[in-house]
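Engineer: need a structure here:
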Amino acid sequence: MTQDIEGTRAIASWIGTLASGGLITDAHQEAGLSVAAYVVGESRLAELREWLVELEPDAVVEAQKAAIGALIWMANADRKLDPEEAHLLKQIILASRMDADHQDEMVSAVHDPPSLESLSLRIGHPVLAELLVGLAWELADADGDISRSEESFMVGLGGKLGVEPARVAEIREAIVAKVAR
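Structural biologist: Below you'll find the model as predicted:
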């Protein structure tokens, strides 16, 4: 089943809301943080917020770009970029609160994925890595079908991010359960 627009906006708000230290300014951000808390737990989400608040603005942007870059790879894992996946990526990029130049750079990368080298270093935090896995699962399901290549990619992405395969599977189940509600 294709993700509804309200759910898409909530999920897309994660990166931008977390980058602002968890400052919630609208209902979509509140819903997105609710899903994020469901996936990783309130205490781990608070730990991530504290880490993000202490980062220099350029480091936050790099973490956001790395996270979005990984999602772009996820969307392209099955070698066909579905319009629903492209739409969700654009929503995530717009919700990132990066400046227009960085947003343009990431929108351009939607059809030409950036390098995955040093991904875990650029992500920088294990909770952000798990949230990214959650976003990637949501993105994989945006077209209503998670292909075998997308499932395989998720295991590899989890490995690059330092997320164990069992945790990748748990996150998938949490996302499917929460979004299905």
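Engineer: I'd like the average pLDDT over the longest helix that the chain contains.
Structural biologist: Criterion DSSP state H: the longest helix present in the chain is helix 57-75. Average pLDDT, helix 57-75: 82.
Engineer: list the helices and strands that helix packs on?
Structural biologist: Applying 3 or more CB pairs under 8 Å, 6 or more residues apart in numbering; DSSP states H and E, we find helix 57-75 packed against helix 5-19, helix 83-95, helix 100-109, helix 119-123, helix 126-140, helix 148-161. Every residue, glycine included, has its C-beta placed from N, CA and C.
Engineer: For that helix, buried residues please.
Structural biologist: 60-75 (16 or more other CB atoms under 10 Å).
Engineer: now it against helix 148-161, angle please.
Structural biologist: For helix 57-75 against helix 148-161, the angle between stretch directions is 150 degrees (axes from the mean of the first three to the mean of the last three CA atoms, to 10 degrees).
Engineer: quick one, what contacts Arg172?
Structural biologist: Neighbouring residues of Arg172 by CB atoms under 8 Å, 6 or more residues apart in numbering: 137, 154.
Engineer: ok, now how distant is it from Ala37?
Structural biologist: 17 Å (CB to CB, to the nearest Å).
Engineer: Kindly report the same for Val110.
Structural biologist: The gap separating Val110 from Ala37 is 28 Å, by CB to CB.
Engineer: more neighbours, the two?
Structural biologist: Shown here are Val110 and Ala37; by other CB atoms under 10 Å, Val110 has more neighbours (18 against 15).
Engineer: Would you mind checking which helix or strand in the protein has the lowest mean pLDDT?
Structural biologist: The weakest-scoring helix or strand in the chain, judged by mean pLDDT, DSSP states H and E, is helix 5-19 (a mean of 52).
Engineer: which residues touch Pro114?
Structural biologist: Neighbouring residues of Pro114 by CB under 8 Å, 6+ apart: 65, 69, 72.
Engineer: rerun that using 7 Å as the cut-off
Structural biologist: Pro114 makes contact with 69, 72, according to CB atoms under 7 Å, 6 or more residues apart in numbering.
Engineer: re earlier: pick out the most distant pair among the buried residues of helix 57-75.
Structural biologist: Within these, Val60 and Ala75 form the most distant pair, 22.7 Å apart (CB to CB).
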